[in-house]
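*Asks:* this is the structure alone, sequence omitted:
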């Protein structure tokens, strides 16, 4: 089953490009590896090895059990004790080292109709000051049909059929990226236009853009709280990262504190980090990594020159 899933992922360019993206951004590190593994590693595991791994890695101090919805606390505790009480109180293995973003370039030229491209930068960890600012910035750039990238790259120029921005926060680092899916004939022009928009957002963000993105993020928080599964997942993640649930009111206060000046300052710092560029498909016309690096460290005019 897992081998089939690995094969299916490899045959899905918009999946594999993200695997290559994290592998390149966090080269030779645990966080950069695909959760599916490789056919070779999966075939090598024995039942005895898997049992030993569970015994070594899974201890009560690393676990959080959360329930949301129509539950009775005492009954829930009894069920947890019944099914998880056999785990040791403390695991034997040490925690992994902090991740280090490195960036770089990966290209896989395939004979496909479309190309999948991801351009990324070092993001922000969950607990740092700029985490929520990074989340809102990703919405301003590529969080829907009103976002800058969607309007400029897709609607105005027609350079791709899909484009969006994202920010993933982890416990010790993060990554900010832009994903685009486009045809072979538009690749050469697409990346310079994206870079141009990244540089523009570091110079000017409208108050109405911030207000719209902040409202969009707030709506997502409210809607997620209405689903017991989403609420339980959110609490569990917060317990692991912060040691406590974060009240909705506290999150709203953090969003309210964001300003245009803070976002433009973040943008100028964020997009000056070493980029990660990955591409899968007919990518022969994609500009060299060195040219992309030079355009990001220059001006908007430099970015436009990248398009030739």
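*Replies:* Perfect, thanks for sending it. No experiment lies behind these values; they were computed from the predicted model shown.

*Asks:* please identify which helix or strand holds residue 218.
*Replies:* Taking DSSP states H and E as the definition, residue 218 sits inside helix 207-225.

*Asks:* need the residues that contact that helix.
*Replies:* Helix 207-225 has contacts (C-beta atoms under 8 Å, 6 or more residues apart in numbering) with 132, 135-137, 139-140, 143-144, 146, 148, 230-231, 234, 248, 251-252, 255-256, 258-260, 263. Yep, even glycine has a C-beta here, placed from its N, CA and C like the rest.

*Asks:* apply 10 Å and report the result again.
*Replies:* Applying C-beta atoms under 10 Å, 6 or more residues apart in numbering, the contact partners of helix 207-225 are 68, 132-133, 135-141, 143-144, 146-148, 201, 205-206, 230-231, 233-234, 248, 251-252, 255-256, 258-260, 262-263.

*Asks:* beyond it, next helix or strand please.
*Replies:* Moving toward the C-terminus from helix 207-225, the next helix or strand (DSSP H and E) is helix 228-242.

*Asks:* which helices and strands does that next one pack with?
*Replies:* helix 207-225 (3 or more C-beta pairs under 10 Å, 6 or more residues apart in numbering; DSSP states H and E).

*Asks:* please identify the buried residues of the helix it packs on?
*Replies:* Within helix 207-225, the residues that count as buried by 16 or more other C-beta atoms under 10 Å are 209-210, 212-214, 216-217.

*Asks:* those residues into JSON lines, with extra columns for distance to residue 274 and pLDDT?
*Replies:* Conversion of these to JSON lines gives the following (distance: C-beta to C-beta, whole Å; pLDDT from 0 to 100):
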{"residue": "209", "distance to residue 274": "27", "pLDDT": "95"}
{"residue": "210", "distance to residue 274": "27", "pLDDT": "96"}
{"residue": "212", "distance to residue 274": "31", "pLDDT": "94"}
{"residue": "213", "distance to residue 274": "26", "pLDDT": "94"}
{"residue": "214", "distance to residue 274": "29", "pLDDT": "92"}
{"residue": "216", "distance to residue 274": "29", "pLDDT": "91"}
{"residue": "217", "distance to residue 274": "28", "pLDDT": "88"}
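
*Asks:* any chance of those residues in CSV, plus distance to residue 75?
*Replies:* Listed next are the buried residues of helix 207-225 as CSV, based on distance: C-beta to C-beta, whole Å:
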residue, distance to residue 75
209, 48
210, 46
212, 44
213, 42
214, 40
216, 38
217, 35
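
*Asks:* and of those residues, the nearest to residue 53?
*Replies:* Among the buried residues of helix 207-225, residue 217 lies closest to residue 53 (C-beta to C-beta), at 37.8 Å.

*Asks:* quick one: that closest one from residue 139, how far?
*Replies:* To residue 139, residue 217 is 6 Å away according to C-beta to C-beta, to the nearest Å.

*Asks:* mind checking the SS state of residue 91?
*Replies:* coil (DSSP: H, G, I helix; E, B strand; the rest coil).

*Asks:* excluding chain neighbours, what is closest to it?
*Replies:* Nearest residue to residue 91, sequence neighbours excluded (C-beta to C-beta, 6 or more residues apart in numbering): residue 59, at 3.3 Å.

*Asks:* thought the one you found was touching residue 86?
*Replies:* No. The criterion here is C-beta atoms under 10 Å, and residue 59 misses it with residue 86 at 11.6 Å.

*Asks:* so the residue most central in space within the chain, which of the three states?
*Replies:* For the chain, the residue nearest the mean C-alpha position is residue 168 (3.2 Å; C-alpha atoms, centre = their mean). Of the three states, residue 168 takes strand under three-state DSSP.

*Asks:* likewise the one 10 residues further on?
*Replies:* Secondary structure state of residue 178, per three-state DSSP, is strand.

*Asks:* who touches it in this structure?
*Replies:* 117-121, 138, 141-142, 149, 153, 163-166, 191, 194-195, 197-198.

*Asks:* swap in residue 6?
*Replies:* 34, 36-39, 41-42.

*Asks:* look up which helix or strand it falls in, please.
*Replies:* Per DSSP H and E: helix 2-10 holds residue 6.
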